[in-house]
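> I would like the atomic coordinates for the input below:
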Amino acid sequence: MLHPIGLFILVLVTTAVIGKAIARALVVAQPDEWLLCIHNGRLVKAGVGIYLWRRPGDVVARFTSTMQRVSFAVDAMSHERLRVAIEGFILWSVSGEGHGPFQAFQKLGLVNLDAAPRDLKSPKHLLSTPQHRAFQQLLGAAVQRLAATRSLDELLLRQDGLVVELREHLATLERQMGIRIDQIELLQVRPADDELLRLLSAKVEEHVREDAANIHMETTERTKRRAIECDARMAREQAQVRGQEMETEKALRLAQIAHESEVKLREQEVEREHALAAEARAIEIAKAVLAREELQLAARLDRVRREAEASAEAMSLVTVAEEKKSQPVRDHELGRLVAEKVGDALKELPIHDARWITVGPDSPAGSLAAMITAARELTTGNGKTAA
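Next comes the predicted model:
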């Protein structure tokens, strides 16, 4: 029978062994790490940030999934056999398509973080130093081969074409190695000979100056052309505005004339109405005046008639009174009337000296006496006739 202390120690040892076995069997990858399970040379499981249980005979590989940078700097020969220095880099990562992670682990010798080498500088590196240098040399050789097919001007001025061709050339490497090249950049392409670089720079500088002068001339011409077009456009717009203003002024003038005509017609109508009203008032006044004159005339006629009737009546009364008088009375009144008339007539005559003379029937005095006698006889005769 075991001692209790020995039993406790045995339990501890057994637990430690079991825990170590479990810890060795459970493999967990970080979110930025690939985890591969290989059994008998075949890929069983692969993924980023996964975990798995390691069985007997399984090989587990764990490496980073971050993007990697590989730079290159090579001396290449152009198509004209001129030395050119080319510098650049590529960004690549392990492809997640198909068996890409397993191919990259097999052929590139990716660093297994479960058994990392001592010279590994960072767990974020996929390649150790020797593999990294080999990759650099592979890229440099590809760049040198492509540079030999292109002229110096193409290498210096049309670098995008070199990048496109390099990507096409590395497409086969991507499929074979299970990687994905995300980006290719050329940092510098320059002639290796400084004298050639100086001559090319001078040539380029002259071209740049010529291009700048041409650009300046074209810019000046475009500016002048735009100024002319702007002036012409402004002139057209001003002409249109003036035309519109003239049309507007003409329309306003016509409207004003129409308004003035309408006002004048209205004034004439008002004047006509006033004239008609004045004429109507004048007619009314004339009618009133005529009526008043007719009334006055009727009144005068009535008064004249009454006066005539009164005169006639008075004459009738006088006549009646005269008829009622006796002959001696009438003769007496007639003689008195004749004497009065003769006296009035004598007053009117310019007589300065009165004398008694004896006259004949042909003298003025005789004529006056005869006239008096004839008047008396005529009066006497009329009285007798009336009687």
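> Tell me which other helices or strands the strand or helix carrying Val164 touches.
Assessed by DSSP states H and E, Val164 sits inside helix 159-177. On a contact count with 3 or more Cβ pairs under 8 Å, 6 or more residues apart in numbering; DSSP states H and E, helix 159-177 meets helix 100-107, helix 129-147, helix 152-157, strand 179-191. Where you see a C-beta, it was placed from the backbone N, CA and C, and this is true even at glycine.
> Which positions within the first one qualify as buried?
Spelled out, that is helix 100-107. Within helix 100-107, the residues that count as buried by 16 or more other Cβ atoms under 10 Å are 100-106.
> What's the first helix or strand after the one helix or strand Arg222 maps to?
Assigning secondary structure by DSSP H and E places Arg222 in helix 194-324. Next in sequence after helix 194-324, counting helices and strands by DSSP H and E, comes helix 327-348.
> ok and that following helix relative to helix 194-324, angle-wise?
If you take axes from the mean of the first three to the mean of the last three Cα atoms, to 10 degrees, helix 327-348 sits at 130 degrees to helix 194-324.
> CA atoms of helix 327-348 as PDB?
Only the C-alpha atoms of helix 327-348 are listed here, as PDB (Å, rounded to 0.1, in the frame of the first residue of the first chain):
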ATOM      1  CA  GLN A 327    -121.400 171.500 -77.600                       C
ATOM      2  CA  PRO A 328    -120.600 174.700 -76.000                       C
ATOM      3  CA  VAL A 329    -118.500 172.800 -73.400                       C
ATOM      4  CA  ARG A 330    -116.600 171.000 -76.100                       C
ATOM      5  CA  ASP A 331    -116.000 174.100 -78.000                       C
ATOM      6  CA  HIS A 332    -114.700 175.800 -75.000                       C
ATOM      7  CA  GLU A 333    -112.300 172.900 -74.200                       C
ATOM      8  CA  LEU A 334    -111.200 172.800 -77.800                       C
ATOM      9  CA  GLY A 335    -110.500 176.500 -77.900                       C
ATOM     10  CA  ARG A 336    -108.500 176.200 -74.700                       C
ATOM     11  CA  LEU A 337    -106.600 173.300 -76.100                       C
ATOM     12  CA  VAL A 338    -105.800 175.200 -79.300                       C
ATOM     13  CA  ALA A 339    -104.700 178.200 -77.300                       C
ATOM     14  CA  GLU A 340    -102.400 176.000 -75.200                       C
ATOM     15  CA  LYS A 341    -101.000 174.400 -78.300                       C
ATOM     16  CA  VAL A 342    -100.500 177.800 -80.000                       C
ATOM     17  CA  GLY A 343     -98.900 179.100 -76.900                       C
ATOM     18  CA  ASP A 344     -96.500 176.100 -76.900                       C
ATOM     19  CA  ALA A 345     -95.800 176.500 -80.500                       C
ATOM     20  CA  LEU A 346     -95.100 180.200 -80.100                       C
ATOM     21  CA  LYS A 347     -92.700 179.400 -77.300                       C
ATOM     22  CA  GLU A 348     -90.800 177.200 -79.600                       C
END
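> Which residue, neighbours along the chain excluded, lies closest to Glu165?
Of all residues not flanking Glu165 in the chain, Leu146 sits nearest, at 5.3 Å (Cβ to Cβ, 6 or more residues apart in numbering).
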